[in-house]
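[1] task: produce atomic coordinates for the following.
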Amino acid sequence: MKSKSTVISILIFTAALVIACNTATAAAMLAWVFIEWMTHGKPTVLGAASGAVAGLVAITPACGFVAPWAAIIIGLLAGTICYGAVNLRFKLGYDDSLDVFGVHGVGGMLGALLTGVFASVAINPAGKNGLIYGNPQQLLIQLTSVATTIVFAGVGSFILLKIVDAVVGLRISKADEIEGMDLTEHGESGYNLGDIPIGHGGHTSPFTTTSSLATAPSSILHATQE
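    Model prediction:
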């Protein structure tokens, strides 16, 4: 049976872990929303959600090793850097509709590296101190782990993509994109817009079929073609 002091230690460690996750998530969300506000004049719900996810991703490798104040710094950096990474997609033009690389990829690498900076044995005696506590070797270990993961994931993804491309292809046609993959790939409608009023109260469904695009309002047609 575990001693009373051991149980208390476990509870304290668990509380520190939960606090780190919560504060990093909140800090990242605030950072993302603030940058959106300053850049575009208004924050968005999607931005808040993306910032929160970025914070969760970044704190995941660090939550059991860093103090709450360090978790806040990790969250702020995650929200800021992941926001920049997501917007980089528009400049480079690569496909990432769910911002997996910008949020999960960049956020995960950032969190792993910052673990090597802020880790403390005061939080987790089973771990190691990080850079700011006099152990730069831990940051080097984290960097090596990140580099190894990049190579492994990159090579593995490339091989799998080539296999998928050879078997079924990686992209659908432009016409199928406009028609909707729910119809062209699955043979069913994923969105029923028939009862939604568009324009001056008319009821139509401009995204159901390609032919209906001819009667869609110009603003909707422009958005669909983009």
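
[2] to which secondary structure element type does residue 97 belong?
    Assigned by DSSP: H, G, I helix; E, B strand; the rest coil, the conformation of residue 97 is coil.

[3] what about the strands in this structure?
    197-198, 202-203 (DSSP state E).

[4] hey, least reliable of those by pLDDT?
    Lowest mean pLDDT of these: strand 202-203, a mean of 47.

[5] where does this structure have its least confident helix or strand?
    Ranked by mean pLDDT, DSSP states H and E, the helix or strand of the chain with the weakest confidence is helix 218-225, at a mean of 43.

[6] which other helices and strands contact the longest helix belonging to the chain?
    The residue-count maximum for a helix in the chain (DSSP state H) belongs to helix 4-40. Applying 3 or more C-beta pairs under 8 Å, 6 or more residues apart in numbering; DSSP states H and E, one finds that helix 4-40 contacts helix 45-59, helix 68-92. (C-beta placed from N, C-alpha, C; glycine too.)

[7] pLDDT wise, what is the spatially most central residue of the chain at?
    Within the chain, one residue has its C-alpha closest to the average C-alpha position: by C-alpha atoms, centre = their mean, that is residue 103, at 2.9 Å. What the model reports as pLDDT for residue 103 is 96.

[8] got it, and the one 10 residues further on?
    We have a pLDDT of 98 for residue 113.

[9] then residue 55?
    The model reports residue 55 with a pLDDT of 98.

[10] neighbours of the closest residue to it other than its chain neighbours, how many?
    Of all residues beyond its chain neighbours, the one nearest residue 55 is residue 28 (2.7 Å), with distances taken as C-beta to C-beta, 6 or more residues apart in numbering. Other residues lying near residue 28 total 35 when counted by other C-beta atoms under 10 Å.

[11] which residues touch residue 28?
    51-52, 54-56, 58, 75-76, 78-79, 82 (C-beta atoms under 8 Å, 6 or more residues apart in numbering).

[12] got the residues you listed as a markdown table, with distance to residue 36 and neighbour count columns?
    Output for these, formatted as a markdown table (distance: C-beta to C-beta, whole Å; neighbours: other C-beta atoms under 10 Å):
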| residue | distance to residue 36 | neighbour count |
| --- | --- | --- |
| 51 | 9 | 30 |
| 52 | 13 | 22 |
| 54 | 13 | 35 |
| 55 | 15 | 34 |
| 56 | 18 | 22 |
| 58 | 18 | 35 |
| 75 | 16 | 31 |
| 76 | 15 | 19 |
| 78 | 15 | 33 |
| 79 | 10 | 31 |
| 82 | 12 | 30 |
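
[13] export these to JSON lines and tack on distance to residue 137?
    Formatted as JSON lines, the contacts of residue 28 follow (distance: C-beta to C-beta, whole Å):
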{"residue": "51", "distance to residue 137": "32"}
{"residue": "52", "distance to residue 137": "33"}
{"residue": "54", "distance to residue 137": "28"}
{"residue": "55", "distance to residue 137": "27"}
{"residue": "56", "distance to residue 137": "28"}
{"residue": "58", "distance to residue 137": "22"}
{"residue": "75", "distance to residue 137": "25"}
{"residue": "76", "distance to residue 137": "26"}
{"residue": "78", "distance to residue 137": "24"}
{"residue": "79", "distance to residue 137": "29"}
{"residue": "82", "distance to residue 137": "27"}
